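**Student:** Structure for this input, please:
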Amino acid sequence: MGFPFVYFVVFIFFRDVRMAEGSGHFTLKTQQITHGPSENHFFGYIGHAGTVPWSSDGRYIVCLRTTFQDHMPGRGEPADICLLDTANGYVVEKVDQTEGWNPQQGTMLYWNPDAPDTQFFFNDANEDGKIFTVLYDVSTRTRVKEYRYAEGPFGNSGVAQQGGWFCGLNYARMARLRRVTGYVDTWDWTVGVDHPEDDGIFKVDIATGEWEVIVSFAQLAEAIAPTHDGEPVPALFINHTLCNRANDRIYFYARAGWGGNPGKKVNQPFTVRPDGSELTLQTGFVGGHPEWEAGETNRIIGERDGKLVLWDTDLQDLVGQIGTPDIIKGPRGDTALSLDGQWTVTGYGIEKHYNEWAVYRRTDGAWARTDRYDQRPYVKGDLRSDPAPLWHPDGSQILFPSMVADGSRQLHVIAVEA
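**Tutor:** Take a look at the predicted model:
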């Protein structure tokens, strides 16, 4: 009677594990850690700028859980905020819920750098559709602070990696000007104003809640105008406020004319200091989802001509390359850098509807690549399943979302075994 029992246990343990190809210097083992089919689990947003789904002690993974994925959520369609307990088989615990979320970017979950074992941020919206940010404490299972601003309700768009403050954006304006990036059915105080003075990038002091607009849309329109050949600058929105590791620079995109909105299309990267000084139009483009380099540098990691490259935002020039196109096949996807700066992981699409993930060790050029995962039917558009790789704090694991055989969207962990 003992032999069948042992066989059964082994089968359950290995059934979700998938092996990888690579240089042979280390291996990847991928395992699905959440399950459907009636519920979807995902983190949202990409792993750049220090976005880590694990608490710093590795105990919990924070994520979203939804019962649908076939439409953009509107008012009255919350997502659950959940913790996965890594010490207990990734058991799922609902701790809160949010009405400030979307399938691509989630709710901007981010562990607080000033209390990374116990506190994380997420966005929410009230019954009037006004967006705000929540600071949640795992040790007490309560919201310990809410950042609500009636005159201009906005949500967290990127926490400073060394802590102290976060950037904010008007997600209602984003939903109006590029639906995939925003929160539908929320309140936008800037309707009818193409370049408002009172909207742009907000900066919030985490401790006091004090806020300011460090870059306005009016400033951005003025900076973009000379590049527009005399044509008017359309209504702008901002994506991806990325804070560097030194806490002294923010990289972001000013955009317009997307999603069928009128006017000449704009996709202009900028950098700015956290006090709003040195607003600089970046003359080079290295993809829409870049990552900051490690250390006290002002270099970002992005894509140019099919290569994963380093762009110096001060020199405004390419200054290096990571790996080769044979190893990292599609760096136009999502690249995340491990917290120690020694590893990159790039998730990208291949053959129209598959995603795969390439892990690269920068110290010696060793690499490995996962199996491919089918993302149909959510390959593009507002509901797409982005590759979105996210590092464990110690660099031993990577979290990513993927569609699975039962049609649900679920979380997977890549174990990096060096």
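
**Student:** could you pull out the strands for the stretch 201-350 of the chain?
**Tutor:** All strands of the stretch 201-350 of the chain, identified by DSSP state E, counting those that start in this stretch, fall at 211-216, 237-243, 250-256, 266-272, 280-281, 291-292, 299-304, 307-312, 317-322, 334-337, 343-350.

**Student:** Make JSON lines out of these and add mean neighbour count, mean pLDDT and distance to residue 24.
**Tutor:** Quick note: C-beta positions are derived from backbone N, CA and C, even for glycine. Shown next, in JSON lines, are these (neighbours: other C-beta atoms under 10 Å; pLDDT from 0 to 100; distance: least, C-beta to C-beta, whole Å):
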{"stretch": "strand 211-216", "mean neighbour count": "18", "mean pLDDT": "98", "distance to residue 24": "47"}
{"stretch": "strand 237-243", "mean neighbour count": "24", "mean pLDDT": "95", "distance to residue 24": "34"}
{"stretch": "strand 250-256", "mean neighbour count": "25", "mean pLDDT": "98", "distance to residue 24": "36"}
{"stretch": "strand 266-272", "mean neighbour count": "20", "mean pLDDT": "98", "distance to residue 24": "38"}
{"stretch": "strand 280-281", "mean neighbour count": "16", "mean pLDDT": "98", "distance to residue 24": "43"}
{"stretch": "strand 291-292", "mean neighbour count": "24", "mean pLDDT": "95", "distance to residue 24": "26"}
{"stretch": "strand 299-304", "mean neighbour count": "23", "mean pLDDT": "96", "distance to residue 24": "25"}
{"stretch": "strand 307-312", "mean neighbour count": "21", "mean pLDDT": "97", "distance to residue 24": "21"}
{"stretch": "strand 317-322", "mean neighbour count": "14", "mean pLDDT": "97", "distance to residue 24": "20"}
{"stretch": "strand 334-337", "mean neighbour count": "27", "mean pLDDT": "94", "distance to residue 24": "23"}
{"stretch": "strand 343-350", "mean neighbour count": "23", "mean pLDDT": "93", "distance to residue 24": "17"}
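
**Student:** Please name whichever of the ones you listed is nearest to residue 147.
**Tutor:** In terms of C-beta to C-beta, the element of the strands of the stretch 201-350 of the chain nearest to residue 147 is strand 211-216, at 7.8 Å.

**Student:** Output the strands of the stretch 201-350 of the chain in CSV; the columns should cover distance to residue 205.
**Tutor:** Shown next, in CSV, are those (distance: least, C-beta to C-beta, whole Å):
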stretch, distance to residue 205
strand 211-216, 7
strand 237-243, 14
strand 250-256, 15
strand 266-272, 17
strand 280-281, 24
strand 291-292, 22
strand 299-304, 26
strand 307-312, 30
strand 317-322, 34
strand 334-337, 27
strand 343-350, 32
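
**Student:** Nearest to residue 230, out of the ones you listed?
**Tutor:** Shortest distance between residue 230 and those, using C-beta to C-beta, is found for strand 266-272: 14.5 Å.

**Student:** can you list the residues that contact the closest one?
**Tutor:** Residues from elsewhere that reach strand 266-272 (C-beta atoms under 8 Å, 6 or more residues apart in numbering): 201, 214-215, 220, 223-224, 227-228, 233-234, 236, 249-257, 278-282, 284-285, 288, 298, 313.

**Student:** so where is this protein shaky, pLDDT-wise?
**Tutor:** 1-20, 47-48 (pLDDT under 70).

**Student:** at 80 what do you get?
**Tutor:** 1-21, 46-48 (pLDDT under 80).
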